[in-house]
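Engineer: quick one, fold the following:
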Amino acid sequence: MRRGLQAGWLATLLLLASMAATTSARGDEARTAPGPSAESARDRAVRDFEQGRRAHLEGRLEEAELSYLRAWTWMKSYDIAVNLGQLQLRLNKPASAARHLAYGVRAAGPEVEEGRLARMLALLEAAKAQVGTVRVRVSNAPDAELFVDGERVPVEVTDELYVEAGQHLLVIRRAGYEDAVRPLAMVPGATEEISVELKPKAATAREAVGAPVNGEATTKALAAGARAEEPRSWAPVIALGAASAVGLGVAAGFTLASSSASADARAEREAILRVGPGCLDAPSALADRCAQLARTTARSDRLGDVAGVTYIASGTVALAALAVALWPRTGSAPGSAVRVVPDLRANTAGVLLSGAWQ
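Structural biologist: Numbering: from 1, shown residues only. Okay, here's the model as predicted:
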């Protein structure tokens, strides 16, 4: 059975490698594939939300957070956001709690009772008291992307940024403009207002070379509403692929060692059967040989188990490489999208990969 599992993982890894190679060769010529329907996404969100709520009520907070996060990935709604924010506040994650609670307050409709809305606001204030608040205004590019310490801020929480106390680095980025970089020194409960005007890259290049303002030469610049297509970096795909290959080699080594130990065990068992009835009712003269047989068999099993785990890890890394290879580039067609969602359940764990690309 173990050999069958290992052979299956080898076949899966070879298939993934061929898929990644085909994707790299075809590039942007791949046809658009339909993504999951809104109804199926909603059903998944409801299922994960109910699982999280049960775990929350039973005191399994980490498990509840994972279920809420899965539901949030499928669908953005005020009730998921509020439950997740309340839980993260209990888990001492005030910045993330404030982000979700703020979304919940903004998205709450008129049907929400005043008492419940007041409790939501109180939770939000409790979370904001533990973090710093940053309000960013970009006068000439309101759709600019924000990055805090290299992590992109989701578009649904850009009205206010909630940052842990301490030193941080804010980067404001928009295609066609120079990045604006601002250091942050956040204090719990404090609010900082930042207003910037991004400098177009085309103007910077013209000033650098001394091109005349008036003349026959014309410069083609990006339109104000266009996004430049950035070249794809294949370094993460190569690194993940190399890691998967190393894991596959290590797993193959453990498999060979397990097979060798299994062969030794068979030889020892045959030798014992040639001189006696076996180890079930072994005479004292065979006690040492039977003990050695038990140790050899246990070693073969352990090596086989380690090989199986290594095959799984190698396959997971190969899936990650494939996901990175399929991830749409900045500025790619609006129809291109890839969604990677963790699928964590009571007895299993995995990754759901779905999307469409052009």
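Engineer: all the strands of the stretch 1-150 of the chain, residue numbers only.
Structural biologist: 132-138, 145-148 (DSSP state E, counting those that start in this stretch).
Engineer: distance to Ala81 and mean neighbour count added to those, as JSON lines?
Structural biologist: No exception for glycine: its C-beta is placed from N, CA and C like everyone else's. Below are those laid out as JSON lines (distance: least, CB to CB, whole Å; neighbours: other CB atoms under 10 Å):
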{"stretch": "strand 132-138", "distance to Ala81": "17", "mean neighbour count": "18"}
{"stretch": "strand 145-148", "distance to Ala81": "19", "mean neighbour count": "18"}
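Engineer: kindly state the beta-bridge partners for the closest residue to Val196 other than its chain neighbours.
Structural biologist: Nearest in space to Val196, with sequence neighbours left out and distances taken as CB to CB, 6 or more residues apart in numbering, is Ala180 at 4.8 Å. Legend: beta-bridge partners of Ala180 under DSSP bridges are Ile172.
Engineer: if we can go back for a sec, turn the strands of the stretch 1-150 of the chain into CSV, columns for distance to Val246 and mean pLDDT.
Structural biologist: Compiled in CSV, the strands of the stretch 1-150 of the chain are given as follows (distance: least, CB to CB, whole Å; pLDDT from 0 to 100):
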stretch, distance to Val246, mean pLDDT
strand 132-138, 41, 90
strand 145-148, 31, 90
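Engineer: any chance of those strands in CSV, plus distance to Glu62?
Structural biologist: Below are the strands of the stretch 1-150 of the chain laid out as CSV (distance: least, CB to CB, whole Å):
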stretch, distance to Glu62
strand 132-138, 26
strand 145-148, 24
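Engineer: so which of the ones you listed gets nearest Leu101?
Structural biologist: strand 132-138 (12.6 Å; CB to CB).
Engineer: show me where pLDDT drops low in this protein?
Structural biologist: Scanning the chain with the threshold set as pLDDT under 70 gives 1-39, 155-158, 203-232, 275-278, 280-286, 328-358.
Engineer: and Arg269, how far from Ser300?
Structural biologist: Arg269 sits 12 Å away from Ser300 when distances are taken as CB to CB, to the nearest Å.
Engineer: residues touching Leu87, list them.
Structural biologist: By CB atoms under 8 Å, 6 or more residues apart in numbering, the contact set of Leu87 is Gly52, His56, Leu61, Ala64, Glu65, Tyr68, Ala97.
Engineer: now the buried members of these.
Structural biologist: Gly52, His56, Ala64, Glu65, Tyr68, Ala97 (16 or more other CB atoms under 10 Å).
Engineer: check which residues of the helix or strand where Arg289 lies are buried.
Structural biologist: If you go by DSSP states H and E, Arg289 is part of helix 287-326. Within helix 287-326, the residues that count as buried by 16+ other CB under 10 Å are 289-290, 293, 296-297, 299-300, 303-304, 306-308, 310-311, 313-326.
Engineer: now for that helix, which elements pack on it?
Structural biologist: helix 2-26, helix 235-275, strand 337-344, strand 349-356 (3 or more CB pairs under 8 Å, 6 or more residues apart in numbering; DSSP states H and E).
Engineer: now the angle from it to helix 235-275?
Structural biologist: Between helix 287-326 and helix 235-275, the angle formed by their directions is 160 degrees, by axes from the mean of the first three to the mean of the last three CA atoms, to 10 degrees.
Engineer: nearest to Ser244, out of the strands of the stretch 1-150 of the chain?
Structural biologist: strand 145-148 (28.6 Å).
Engineer: what does the next helix or strand after that closest one contact?
Structural biologist: Later in the chain than strand 145-148, the nearest helix or strand by DSSP H and E is strand 151-152. With contacts defined as CB under 8 Å, 6+ apart, strand 151-152 is touched by Glu145, Leu146.
Engineer: quick one: strands adjacent to strand 151-152?
Structural biologist: Each strand paired with strand 151-152, and its direction, by DSSP bridges: strand 145-148 (antiparallel).
Engineer: now Gly304: how far from Tyr78?
Structural biologist: 50 Å.
Engineer: so what's Arg135 closest to, chain neighbours aside?
Structural biologist: What sits nearest to Arg135 in space, not counting adjacent residues and going by CB to CB, 6+ apart, is Glu193, at 5.2 Å.
Engineer: Leu61 touches Arg90, doesn't it?
Structural biologist: Yes - between Leu61 and Arg90 there is a contact at 6.4 Å, judged by CB atoms under 8 Å.
Engineer: returning to what we had before: which one of the contacts of Leu87 is nearest Ile238?
Structural biologist: Glu65 (33.4 Å).
Engineer: now do the end-to-end distance for stretch 120-138.
Structural biologist: Distance between the two ends of stretch 120-138: 29 Å, counting by CA to CA, to the nearest Å.
Engineer: ignore the last one, stretch 48-64
Structural biologist: End-to-end span of stretch 48-64 (CA to CA): 9 Å.
Engineer: for Glu164, give its distance to Gly249.
Structural biologist: Applying CB to CB to Glu164 and Gly249 gives a distance of 40 Å.
Engineer: more crowded one of the two?
Structural biologist: Between Glu164 and Gly249, counted using other CB atoms under 10 Å, the more crowded position is Glu164 (16 against 12).
Engineer: next one: that one relative to Leu117, how far apart?
Structural biologist: Going from Glu164 to Leu117 by CB to CB gives 27 Å.
Engineer: how about Ala71?
Structural biologist: Per CB to CB, Ala71 is found 21 Å from Leu117.
Engineer: buried sites along stretch 191-200?
Structural biologist: Per 16+ other CB under 10 Å, stretch 191-200 contains these buried residues: Glu192, Ile194, Val196, Leu198, Pro200.
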